[in-house]
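**Student:** Kindly generate the corresponding structure for this input.
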Amino acid sequence: MSLIPGAVNFRDIGGLPAGGGRTRSGVLYRSGNLAAVDEVGGAAFRALGVRRVIDLRSDDEVAHAPSRVGDVEMMRVPLFLGSVTSFFIEDISLVEMYRALLERSGDRLVTAIRGILDAQPVVVHCTVGKDRTGLTVALALAAAGVDEDAVVADYALTEQNLPAWRGDRTLARIRAAFPDAKHLEELATKSPAPAMRGVLDQLRAEHGSAAGFLRAHGMTQGELDRLRAVLVED
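**Tutor:** Residues are numbered from 1 along each chain as shown. Presented below is the predicted three-dimensional model:
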């Protein structure tokens, strides 16, 4: 189910438990790309009052499927340091992909999360809103004090939100290009809870917490305090 017709996996992260509080509704949205938003979807998008869209896709992805949501600030923060197809060529697992993003793109993840602080309501999206969006939003939520089970559940929700026809069509297209890839289906269509649980465990082991990871890559404690104030109502 998507809030915006034409946008796959568009949803509000409001209502998640965060200690004694809850995440605010109408502040942070996550989505797949906005290239197929039609007139009806555009009207629904404008009704949300979105002030900024944070696009995590590469230049090639944006050129192939430009956003169609009208006059709103676009903030580009490409997270992959290389092409999307490189992960299929290397045939890495989902967990290995997330580890690579954390290792190679920590400063960009901080930039994207800083973008949430400066203008709301804000939309964070990539191509299907699963991996780059999932990792960015999970980091923001965890650093803001959202309960870990809720962070994991929000990430895992994407898999059931992706329409079956899209998965079948995408898998067929990628399988034709990479017939021997073992991790293809996982990379293209899955968001299993253990994958995000593993990310949070890794952050805890290496940095103490998601907030510790963001601090290690340049985010200040003041910014982290603002992040909680923006996302959570006590």
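**Student:** And for residue 70, the neighbour number?
**Tutor:** 11 (other C-beta atoms under 10 Å). From N, CA and C alone the C-beta is placed, and that goes for glycine too.
**Student:** What are the neighbouring residues in contact with it?
**Tutor:** 42, 45-46 (C-beta atoms under 8 Å, 6 or more residues apart in numbering).
**Student:** where exactly do the strands run in the chain?
**Tutor:** 11-12, 17-18, 21-23, 28-31, 52-55, 73-76, 122-125, 232-233 (DSSP state E).
**Student:** can I get the ones you listed in JSON lines with distance to residue 176, mean pLDDT and mean neighbour count?
**Tutor:** Shown next, in JSON lines, are the strands of the chain (distance: least, C-beta to C-beta, whole Å; pLDDT from 0 to 100; neighbours: other C-beta atoms under 10 Å):
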{"stretch": "strand 11-12", "distance to residue 176": "31", "mean pLDDT": "98", "mean neighbour count": "17"}
{"stretch": "strand 17-18", "distance to residue 176": "43", "mean pLDDT": "98", "mean neighbour count": "18"}
{"stretch": "strand 21-23", "distance to residue 176": "40", "mean pLDDT": "98", "mean neighbour count": "19"}
{"stretch": "strand 28-31", "distance to residue 176": "27", "mean pLDDT": "98", "mean neighbour count": "25"}
{"stretch": "strand 52-55", "distance to residue 176": "27", "mean pLDDT": "98", "mean neighbour count": "22"}
{"stretch": "strand 73-76", "distance to residue 176": "30", "mean pLDDT": "97", "mean neighbour count": "15"}
{"stretch": "strand 122-125", "distance to residue 176": "26", "mean pLDDT": "98", "mean neighbour count": "26"}
{"stretch": "strand 232-233", "distance to residue 176": "45", "mean pLDDT": "98", "mean neighbour count": "16"}
